[in-house]
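# Show me the folded form of this:
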Amino acid sequence: MSLTAPRTAADRPEYGRARYPFHITKEEERQLRLKGAEAVPSLVIGQATSFDEYARQLMIPPAVMDLARKAEDLRLSPWEVEAMRKHLAPATEPGDKVGLLRQILVEKYKKDHTHPPYIRVACSGRGEYDDLAHEHGHLHHDDHRKGDIGSPVVLEIWPAQHYSPIHSHGHTTGIVFCLAGQLDIMVYEHLKWDAPKLGLLTLTPGQCAWLSKDNYAVHRVYCPIDGGGGTTGPGYMNSTAEFGASFHVYLNPEQTAVQHDHDGNSYNRDSFDYIDEKSKKRRSFATESDLSWGLLRRVLANTPLT
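The predicted model follows:
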């Protein structure tokens, strides 16, 4: 894998006309969007425009609504979005230098190409790839530590056509708030490769999805924006600078008023379970952050935009 991110075609689509990442046909997608729009409680938190939508949002837990209200005015500024594009852009010629975010994507791809990589930015604490930023003059090698695990507040950067595995958030309560671009989220009944799908929704900036131990804890996130050549899937790396971004908050059970029992799922935000794209088996991963927000924002602020 080179820094130029060649347009590598992914594995062939599964199940006839079904496509990655959700493995559904166009007709199944339409049905799942209708199902998602009628889900109870509502899958999306936003300004209700009908009595039915108000009633479905009324059933969302108060702890979740409180998180959503506190996040509702969050936005990435235009210069932050443009600077992120600069750092996500692939090289135009072999050997050209690429930005910090593209470097991280390449490093993550080398470690795991079962699904296209995305970037987790800890809004507090350190990230595993903070050391790469020494090239931008913001951090010395000696300052680097391994990425912190279990950050309660995370910015996630989703390059166009990249996606997550199916994963669970265990016993946490949280929100997924769209900050930039567009994100599709498929919600599943439980953590299994062939688990029933509860609905498909699209988030645009200012819209919010949510999860708790008892509701919508298992999902897959995907950025449907055009990623250039190739077809998304295992082994894919996009060839554009376009992206979606989301703000995530995860509260452990003791941080909410929600009662809980240990049922064998991941208990807190230090570790989440997921389904491996190739083996279709359940595995666990430590929720290490790739980068710290304080450092990323300094890098963005020093990025020429012209």
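# which stretches of the stretch 51-200 of the chain form helices?
51-58, 62-71, 78-88, 100-111 (DSSP state H, counting those that start in this stretch).
# Out of those, which gets nearest to residue 227?
helix 78-88 (10.8 Å; C-beta to C-beta). In short, each C-beta sits where N, CA and C put it, glycine included.
# what comes up buried for the closest one?
Using 16 or more other C-beta atoms under 10 Å as the test for burial, helix 78-88 gives 80, 81, 83, 84, 85, 86, 87, 88.
# The fifth one contacts residue 244, correct?
Okay, so that is residue 85. No. The criterion here is C-beta atoms under 8 Å, and residue 85 misses it with residue 244 at 11.9 Å.
# Is it correct that residue 272 falls within a strand?
Yes. Membership of residue 272 in a strand is supported by DSSP: H, G, I helix; E, B strand; the rest coil.
# Dump the helices of the stretch 51-200 of the chain into CSV; add distance to residue 216 and mean pLDDT as well.
Shown next, in CSV, are those (distance: least, C-beta to C-beta, whole Å; pLDDT from 0 to 100):
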stretch, distance to residue 216, mean pLDDT
helix 51-58, 13, 95
helix 62-71, 10, 96
helix 78-88, 28, 98
helix 100-111, 26, 96
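# Tabulate those (CSV), appending distance to residue 122.
Listed next are those as CSV, based on distance: least, C-beta to C-beta, whole Å:
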stretch, distance to residue 122
helix 51-58, 30
helix 62-71, 17
helix 78-88, 16
helix 100-111, 13
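# which one of the buried residues of helix 78-88 is nearest residue 17?
Scanning the buried residues of helix 78-88 for proximity to residue 17, where the rule is C-beta to C-beta, the winner is residue 88, at 30.5 Å.
# which residues touch the closest one?
Residues counted as contacts of residue 88 (C-beta atoms under 8 Å, 6 or more residues apart in numbering) are 99, 101, 102, 105, 157, 159, 241, 242, 243.
# distance of it from residue 294?
19 Å (C-beta to C-beta, to the nearest Å).
# And for residue 208?
Applying C-beta to C-beta to residue 208 and residue 294 gives a distance of 24 Å.
# Repeat that for residue 233.
Counting by C-beta to C-beta - residue 233 and residue 294 are separated by 34 Å.
# Give me the more crowded residue out of these two.
Set side by side, residue 233 and residue 294 show more neighbours around residue 233, with 22 against 16, by other C-beta atoms under 10 Å.
# excluding its backbone neighbours, what's nearest residue 151?
residue 122 (4.0 Å; C-beta to C-beta, 6 or more residues apart in numbering).
# And the pLDDT for the one you found?
Per-residue pLDDT puts residue 122 at 94.
# do the same with residue 220
pLDDT, residue 220: 98.
# How about residue 156?
So, for residue 156, pLDDT stands at 98.
# does the closest residue to it other than its chain neighbours have beta-bridge partners, and which?
Nearest residue to residue 156 in three dimensions, chain neighbours excluded: residue 246, at 5.0 Å (C-beta to C-beta, 6+ apart). Beta-bridge partners recorded for residue 246 (DSSP bridges): residue 156, residue 178.
# how about residue 246, what does it touch?
Contacts of residue 246 by C-beta under 8 Å, 6+ apart are 155, 156, 158, 176, 177, 178, 179, 183, 203, 221.
# same question, residue 201
Residue 201 touches 33, 36, 37, 43, 44, 184, 185, 187, 209, counting by C-beta under 8 Å, 6+ apart.
# In strands only, show me the residues you listed.
44, 184, 185, 187, 209 (DSSP state E).
# That'll do, ta.
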